[in-house]
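Here is my input; please provide its structure:
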Amino acid sequence: MNLPETLPAALRAAILERGYERLTEVQASATREELAGRDLLVSARTGSGKTVAFGLAIADDLLAGEETFLVRASAPLGLIIAPTRELALQVARELRWLYANTNAEIATCVGGMDMRDERRALERGAHIVVGTPGRLSDHINRGSLDTSEIRAVVLDEADEMLDMGFRDELEHILEDTPASRRTLMFSATVPKGIAALAARYQKDALRITTEGETAAHTDIAYEALLVAPGDEENAIVNIVRHSDTESAIVFCSTRASVNHLVTRLGNRGFTVVALSGEFSQKERANALSSLRSGRARVCIATDVAARGLDLPKLDLVIHADLPRDPATLLHRSGRTGRAGRKGISALIVAPKARRRVERLLYDAKVEARWARPPSAEEVNERDDARLLADPALTAEPGEAEAVLIAKLLAERTPEEIAVGFIRKVRAGRSAPEYLREVEDRPARKPREERGDREWKDRPPRERFERGERPERAPRQRDAIPDAIWIALNVGRKKNADPKWLLPMLCKSGDITRDQIGQIRVNAGNTHVELTREAAEHLFEVTGNGRLEGSLQAFPIEGIPDIEDAGPPARRERRPERPERGGREERGERPERSFKPRRDRDDAERPSYERKERAPRSDWHPGTDRSERSERPERREKPAGKRFEKRDDRPREESRDRPAKPAWDKPKGKAFNGPAKGKPTGKPAFKKGGKPGGFQGKKKPRD
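Okay, the predicted model is just below:
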């Protein structure tokens with residue numbers, strides 16, 4: 001055992017009781033004797049044992065040379081900060097067994113829990129406090145957390161806390177602790193933000209980089225599975241069914257995707273739990289407890305579960321939604337392959353996302369095996385192999401079982417017993433999904449490996465010489481010999497799709513996929529090609545051809561095969577023109593008659609002088625004044641009051657109202673006209689003689 005000699009005896013005994021054979025690389029590096037009392041900046045991959053590493057590193061600072069904590073602490077001595085609630089609770093659980101022999105009191109302060117219970121735990125006295133940045137900052141502001149005696153501060157997954165926006169809370173906590181404290185930062189990666197935080201709040205920190213940070217995780221096998229668009233959920237069902245793992249975790253990018261996938265897998269018979277930020281702390285704790293105890297097999301989670309969680313017997317990680325960056329890929333995959341266990345990280349990849357996944361894997365410095373998800377036939381074969389290899393078949397029967405065995409053999413045949421056993425085993429399993437074929441494109445090397453000018457080395461593309469285009473061979477389709485066509489009373493108008501029609505026919509008609517040929521979805525119905533044996537068996541099983549619900553199947557005749565139709569008709573070519581002979585055969589071309597141009601003088605040109613018009617007797621506006629007749633004399637209008645010229649005398653003022661000056665008139669409007677927007681009619685009168693509103697120009701009633 002490579003335990004340091006300065007390690008307290010209580011922690012040494014706890015490690016031996018836990019079954020540790022030797023410390024991991026990061027644990028041995030953080031507990032070296034020459035590093036005692038120094039600030040550390042440690043970067044190591046996920047699953048390398050960082051929790052036990054900093055628990056051993058701060059033991060001498062907390063115990064101060066003693067074997068146990070002699071008295072209850074008046075104020076905390078150690079402070080552990082974690083990014084998420086689940087990780088904080090997991091760290092507290094690990095430290096409890098590590099410090100179990102030291103009489104240490106460990107309190108937790110995480111979001112989603114009752115602050116009054118946490119305040120009481122802090123008042124009773126806690127030697128080590130584990131919490132999230134936001135809740136710890138709240139306790140400091142409220143005065144319930146005294147940090148005056150803190151000897152060591154540990155930031156676990158520091159890079160994730162910065163990504164989550166906890167910089168202000170971290171600075172508040174670190175500035176409130178004594179300057180003589182020891183600060184340890186543990187992280188999977190060390191970006192610029194972590195380096196700046198370490199330079200500000202650490203004193204002469206030593207950087208520890210383990211080999212696992214730069215090397216690929218050898219305990220995790222990466223698989224990139226190509227799936228046709230729309231078959232992502234079916235592929236997840238087949239992967240989980242095909243796997244032998246006791247528990248699996250499926251990562252989604254949004255909470256809505258988590259809820260949808262939980263419902264889908266729950267309907268298929270899987271024991272599923274969900275984990276996302278919208279659940280309360282109690283619900284999240286119950287979900288993790290169900291997964292650890294084996295009551296649930298599949299956990300559907302967002303990236304909130306991608307950091308630090310240690311789930312035993314978790315050997316399969318499925319990325320339903322692709323990670324956003326290489327760091328997220330490594331942290332998600334790090335939930336498996338921990339503490340020497342082997343694990344599989346499977347990425348669900350659509351054909352159009354292959355280039356993106358190749359770049360993601362290259363940046364993460366991991367190699368993945370490109371394959372297809374297990375098909376329904378492979379899942380059934382795996383189930384049969386598990387059944388034949390079941391140790392219950394080879395175990396010796398007990399006395400109570402021997403009596404029942406004899407009774408069964410007396411009443412039933414061996415074939416009946418075997419059929420009942422197989423059906424009993426398969427009853428609790430969900431049926432696998434049929435997946436569509438997907439076209440696989442060859443893998444492409446990253447630009448750093450293939451170079452920027454690789455295209456210049458390619459041979460020139462072959463081109464056809466000008467002339468007649470070669471005839472294309474007709475498209476070959478797989479046809480079933482001596483096939484029978486059936487029609488279904490559902491078509492394109494009712495969203496008919498072969499991806500659900502095919503498994504429905506197999507299930508309702510008790511036929512296999514190999515017995516089904518072409519499926520033609522029309523507007524009002526669907527035509528399906530079957531072998532003669534499959535068609536007879538389908539109508540024998542269903543009776544009148546009723547499949548599911550209102551779906552009805554009936555045989556039809558007269559549908560020609562596609563191959564009989566031949567290639568599509570082509571447009572007739574224009575008949576070729578006969579070849580013309582040379583000039584010697586056709587003879588000389590006759591000379592064209594040439595008419596020389598005639599030179600004309602201006603005198604020979606025709607004149608276009610205006611003709612004289614005949615005089616008119618009547619006057620017309622277009623005629624000349626000389627040609628017009630005399631204009632009749634204008635009849636003078638009789639003089640009247642209207643045409644009398646006004647004199648300069650001022651207008652007499654009215655007795656009722658004074659005359660308005662000219663400058664008081666509104667521009668562009670009549671002087672006595674109504675104002676804009678006001679009614680023009682007279683007031684109307686309601687019953688009773690009282691005036692009412694205006695009614696336009698309607699006269700009031702008498």
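
And residue 381, how far from residue 193?
Using Cβ to Cβ, to the nearest Å, we find residue 381 at a distance of 50 Å from residue 193. In short, each C-beta sits where N, CA and C put it, glycine included.

Do a quick rundown of the helices in the stretch 451-600 of the chain.
For the stretch 451-600 of the chain, applying DSSP state H, counting those that start in this stretch gives helices covering 498-509, 532-542, 583-586.

Mind giving me the packing neighbours of the second one?
Of the remaining helices and strands, those touching helix 532-542 by 3 or more Cβ pairs under 8 Å, 6 or more residues apart in numbering; DSSP states H and E are strand 484-488, helix 498-509, strand 553-556.

With only the CA atoms kept, save the last one in PDB.
What it means is strand 553-556. The C-alpha trace of strand 553-556 is given here as PDB (Å, rounded to 0.1, in the frame of the first residue of the first chain):
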ATOM      1  CA  ALA A 553     -56.200  -5.400 -45.100                       C
ATOM      2  CA  PHE A 554     -57.600  -7.100 -48.200                       C
ATOM      3  CA  PRO A 555     -56.000  -8.700 -51.200                       C
ATOM      4  CA  ILE A 556     -55.900  -7.000 -54.600                       C
END
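
Pull the residues that contact that strand.
484-488, 527-528, 535, 538-539, 542, 545-547 (Cβ atoms under 8 Å, 6 or more residues apart in numbering).

re the thing from before, which of the helices of the stretch 451-600 of the chain sits closest to residue 173?
Of all the helices of the stretch 451-600 of the chain, helix 498-509 sits nearest to residue 173, with 54.0 Å by Cβ to Cβ.

Tell me the buried residues in the closest one?
498, 501, 502, 503, 505, 506, 508, 509 (16 or more other Cβ atoms under 10 Å).

Let's see that helix as PDB, backbone CA atoms only.
Taking Å, rounded to 0.1, in the frame of the first residue of the first chain, the C-alpha atoms of helix 498-509 are listed here in PDB:
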ATOM      1  CA  PRO A 498     -43.600   2.600 -43.700                       C
ATOM      2  CA  LYS A 499     -41.600   2.900 -40.400                       C
ATOM      3  CA  TRP A 500     -44.800   2.100 -38.300                       C
ATOM      4  CA  LEU A 501     -46.700   0.100 -40.900                       C
ATOM      5  CA  LEU A 502     -43.900  -2.500 -41.100                       C
ATOM      6  CA  PRO A 503     -43.700  -3.400 -37.400                       C
ATOM      7  CA  MET A 504     -47.500  -3.300 -37.200                       C
ATOM      8  CA  LEU A 505     -47.800  -5.800 -40.000                       C
ATOM      9  CA  CYS A 506     -45.200  -8.000 -38.400                       C
ATOM     10  CA  LYS A 507     -46.900  -7.900 -35.000                       C
ATOM     11  CA  SER A 508     -50.600  -8.200 -36.200                       C
ATOM     12  CA  GLY A 509     -50.000 -10.800 -38.900                       C
END
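
which ones are touching residue 69?
Here residue 69 is in contact with 62, 63, 102, 103, 104, 105, 127 (Cβ under 8 Å, 6+ apart).

Show me the shaky parts of this protein.
1-2, 46-47, 211-218, 308, 339-340, 439-479, 558-577, 579-587, 593-702 (pLDDT under 70).

which residues make contact with stretch 531-548 from outside it?
480, 482-484, 486, 488, 504-505, 508-512, 515-517, 530, 552-555.

Buried only: go through those for me.
By 16+ other Cβ under 10 Å, those give 480, 483-484, 486, 488, 505, 508-509, 511, 515-517, 530, 553 as buried.

now those as a markdown table including distance to residue 292?
Formatted as a markdown table, the buried ones among the contacts of stretch 531-548 follow (distance: Cβ to Cβ, whole Å):
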| residue | distance to residue 292 |
| --- | --- |
| 480 | 52 |
| 483 | 54 |
| 484 | 55 |
| 486 | 51 |
| 488 | 48 |
| 505 | 42 |
| 508 | 41 |
| 509 | 44 |
| 511 | 43 |
| 515 | 45 |
| 516 | 44 |
| 517 | 49 |
| 530 | 49 |
| 553 | 49 |
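
Could you chop the chain up by domain?
Domain ranges of the chain: 9-214, 220-374, 484-559, per automatic domain parsing.

who wins for proximity to residue 416 among the ones you listed?
Of the domains of the chain, nearest to residue 416 by Cβ to Cβ is domain 484-559, at 20.3 Å.

circling back to that earlier point, closest one of the contacts of strand 553-556 to residue 288?
Nearest member of the contacts of strand 553-556 to residue 288, counting by Cβ to Cβ, is residue 547, at 43.1 Å.

Now do that closest one against residue 555, distance only.
In terms of Cβ to Cβ, residue 547 sits 14 Å off from residue 555.

is the nearest residue to residue 35 once chain neighbours are set aside in a bridge, and if so with what?
The shortest distance from residue 35 to any non-neighbouring residue, by Cβ to Cβ, 6 or more residues apart in numbering, is to residue 206 (6.5 Å). Residue 206 has these beta-bridge partners by DSSP bridges: residue 40.

residues contacting residue 206?
35, 38, 39, 40, 41.

Tell me how many other residues crowd the first one.
To tie it back to what came earlier, the one meant is residue 35. Residues lying near residue 35 (other Cβ atoms under 10 Å) number 15.
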